[in-house]
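Participant: Got a sequence here, can you model it:
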Amino acid sequence: MVYNSAAELCEGFGYPPVHVKLTIEILDERLGPVTAEAEIAIKPVKSKEYLEVLVEELESEHIFADENGSIYGSFGIDQSIQIYDEVLTTIPFEELIGKEKWKETIEESITVDKLKEQLGKSLNDYPFSDLSGKYKFRKRCTITELQFKECNKTGEGEMLSLFSMPS
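Facilitator: Predicted structure coming up:
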């Protein structure tokens, strides 16, 4: 299907959410690898004439680190990472309207490398809080692994190889 106008694109657009599983390394010697799952959505924004690629929901496993008294790692952590409705990137309508291969344009913006980079920026901006909830701080995070998940109607998923990502 070819979209011939912004109105047609907004009315008829449908792209299934992309589910990913992440392994995150947080720069803190008290912590090991942290796993998380995220749902990435692609939605049209008619007023701005672009598609948003956004994290609808990202939740990690629970993270705990005791206060250890050093100046560099003295804040304790007792929380999970939770990111909701954060825009990762946008795709202008003009890159999609009138094009037969619009899906390829979208898929170029949700590759493993691009998602690692974009989600990595969100994770590095994530405000952790200390055990009291009084102080906010950031931790350097790196995504060491990202895999696509295919979800069935019940929400249960299985991992996909990178070469079998849904189109």
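
Participant: Low-confidence bits of the chain, can you list those?
Facilitator: For the chain, applying pLDDT under 70 flags the ranges 69-74, 151-167.

Participant: Which stretches in it count as helices?
Facilitator: With DSSP state H, the ranges of helices along the chain come out as 6-12, 102-108, 112-124.

Participant: Quick one, which of these gets closest to Ile83.
Facilitator: Each of these has some distance to Ile83 by C-beta to C-beta; the shortest is helix 112-124, at 5.7 Å. C-beta here means a position set from N, CA and C on the backbone, and glycine is covered the same way.

Participant: which helices and strands sit right next to the closest one?
Facilitator: strand 18-26, strand 50-60, strand 82-92, strand 141-151 (3 or more C-beta pairs under 8 Å, 6 or more residues apart in numbering; DSSP states H and E).

Participant: what's the angle from the last one to strand 50-60?
Facilitator: Between the direction of strand 141-151 and that of strand 50-60, the angle (axes from the mean of the first three to the mean of the last three C-alpha atoms, to 10 degrees) works out to 100 degrees.

Participant: How about the shortest one?
Facilitator: For strand 18-26 against strand 50-60, the angle by the same axes, to 10 degrees is 50 degrees.

Participant: related to what we said a few turns ago, so for Glu8, which of the helices and strands packed on helix 112-124 sits nearest?
Facilitator: Closest to Glu8 of these is strand 50-60 (C-beta to C-beta; 13.7 Å).

Participant: just checking, what packs against that closest one?
Facilitator: strand 18-26, strand 34-45, strand 82-92, helix 112-124.

Participant: If anything else comes up later, I'll come back, but that's it for now.
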